[in-house]
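Participant: This is the structure alone, sequence omitted:
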């Protein structure tokens with residue numbers, strides 16, 4: 001049973017949460033030249049609670065579509081615990097509800113103990129986004145809006161959480177920095193949806209690969225990633241040109257690998273593009289620290 005819940009938790013998904021949170025904290029450090037390890041722990045406790053809520057809620061909402069997926073990958077297709085008969089949708093839904101309450105309680109506690117007035121709002125943001133993404137009546141992941149919701153969560157909310165928890169304010173937030181962050185979040189959603197295109201088409205889930213075809217979806221995702229790199233001066237407003245160039249060089253290599261990778265081998269493509277996106281977050285964070 002413990003192994004089933006560990007599988008449902010999808011530890012690899014924490015990478016998508018942790019790196020935007022790191023970037024947001026680095027951006028705060030670049031602006032204020034101050035850093036708190038105590039706040040660092042709070043930020044990543046938020047990230048862990050948010051991840052567990054998201055993966056459990058998503059599996060509970062999408063279990064029927066996951067049953068249609070005959071070619072899951074480590075990056076997509078759900079955790080497979082329902083398809084494998086290890087956990088029920090009801091159990092996952094109950095766990096998601098418990099984590100939603102835990103996120104709310106955590107936000108209230110941080111608001112009171114750290115005097116961060118927006119902490120509760122930021123802690124409820126994943127709940128609202130996940131509801132709109134996977135649950136009726138909106139269920140936007142089935143209506144073509146899933147990529148934009150993930151971009152909003154990963155590329156806007158998470159950097160804001162890291163920045164706000166460390167700085168204690170959003171008054172000095174360089175808001176334009178979130179434009180390339182949004183592009184990274186959008187590209188990540190489209191790339192990870194590529195292997196699921198056949199199953200999503202059968203389930204009438206209108207992801208970007210279903211809507212425009214896998215080849216065009218891959219092209220669009222890589223263009224979004226390239227544009228995010230071109231906008232690095234917005235993401236790293238306090239660093240020199242040399243520092244910015246060094247920060248994005250590994251991502252540029254990953255982008256070239258993803259562009260050359262055969263579409264018929266989607267697991268390697270997702271790994272290459274997903275790795276490039278993670279490197280972009282880490283490169284921007286490093287440049288903020290250096291700057």
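Facilitator: Okay, I see it. From a predicted model like this one, the values you see are computed outputs, not experimental measurements.
Participant: In stretch 163-172, which residues are buried?
Facilitator: Neighbour-count burial for stretch 163-172 flags 163-168 (criterion: 16 or more other C-beta atoms under 10 Å). All C-beta atoms are positioned from the backbone trio N, CA, C, and that covers glycine.
Participant: That stretch: how far from the chain's middle?
Facilitator: Its chain's average C-alpha position is 20 Å from that of stretch 163-172, according to C-alpha atoms, centre = their mean, to the nearest Å.
Participant: What's the end-to-end length of it?
Facilitator: End-to-end distance for stretch 163-172: 10 Å, by C-alpha to C-alpha, to the nearest Å.
Participant: one step back: out of the buried residues of stretch 163-172, which are inside helices?
Facilitator: Members of the buried residues of stretch 163-172 lying in helices (criterion: DSSP state H): 163-167.
Participant: Now the helix or strand bottoming out on mean pLDDT in the chain: buried residues?
Facilitator: Ranked by mean pLDDT, DSSP states H and E, the weakest helix or strand in the chain is helix 197-202, scoring a mean of 84. For helix 197-202, the neighbour count (16+ other C-beta under 10 Å) marks 197, 199-200 as buried.
Participant: what's that helix packed up against?
Facilitator: Packed against helix 197-202, as judged by 3 or more C-beta pairs under 8 Å, 6 or more residues apart in numbering; DSSP states H and E, are the following elements: helix 37-68, helix 208-212.
Participant: about what we covered before: now the ones in helices among the buried residues of stretch 163-172 in TSV, with pLDDT and distance to residue 238?
Facilitator: Below are those laid out as TSV (pLDDT from 0 to 100; distance: C-beta to C-beta, whole Å):
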residue	pLDDT	distance to residue 238
163	98	13
164	98	18
165	98	19
166	97	15
167	97	14
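Participant: For residue 208, state which of those is nearest.
Facilitator: residue 163 (28.4 Å; C-beta to C-beta).
Participant: show me what contacts the closest one?
Facilitator: The contact partners of residue 163, taken as C-beta atoms under 8 Å, 6 or more residues apart in numbering, are 24-25, 27-28, 170, 173.
Participant: In the stretch 151-291 of the chain, mark out all the helices, start to finish.
Facilitator: All helices of the stretch 151-291 of the chain, identified by DSSP state H, counting those that start in this stretch, fall at 158-167, 178-193, 197-202, 208-212, 214-230, 232-235, 241-260, 266-290.
Participant: per-residue confidence for residue 67?
Facilitator: For residue 67, the pLDDT comes out at 61.
Participant: Also residue 203?
Facilitator: Note on residue 203: pLDDT of 80.
Participant: Give me the angle between the helix or strand containing residue 125 and helix 37-68.
Facilitator: Element membership of residue 125 [criterion: DSSP states H and E] is helix 119-134. Between helix 119-134 and helix 37-68, the angle comes out at 10 degrees (axes from the mean of the first three to the mean of the last three C-alpha atoms, to 10 degrees).
Participant: distance of residue 156 from residue 182?
Facilitator: 6 Å (C-beta to C-beta, to the nearest Å).
Participant: Ok, residue 126 next?
Facilitator: 16 Å.
Participant: So which of the two has more stuff around it?
Facilitator: residue 126 (26 against 18; other C-beta atoms under 10 Å).
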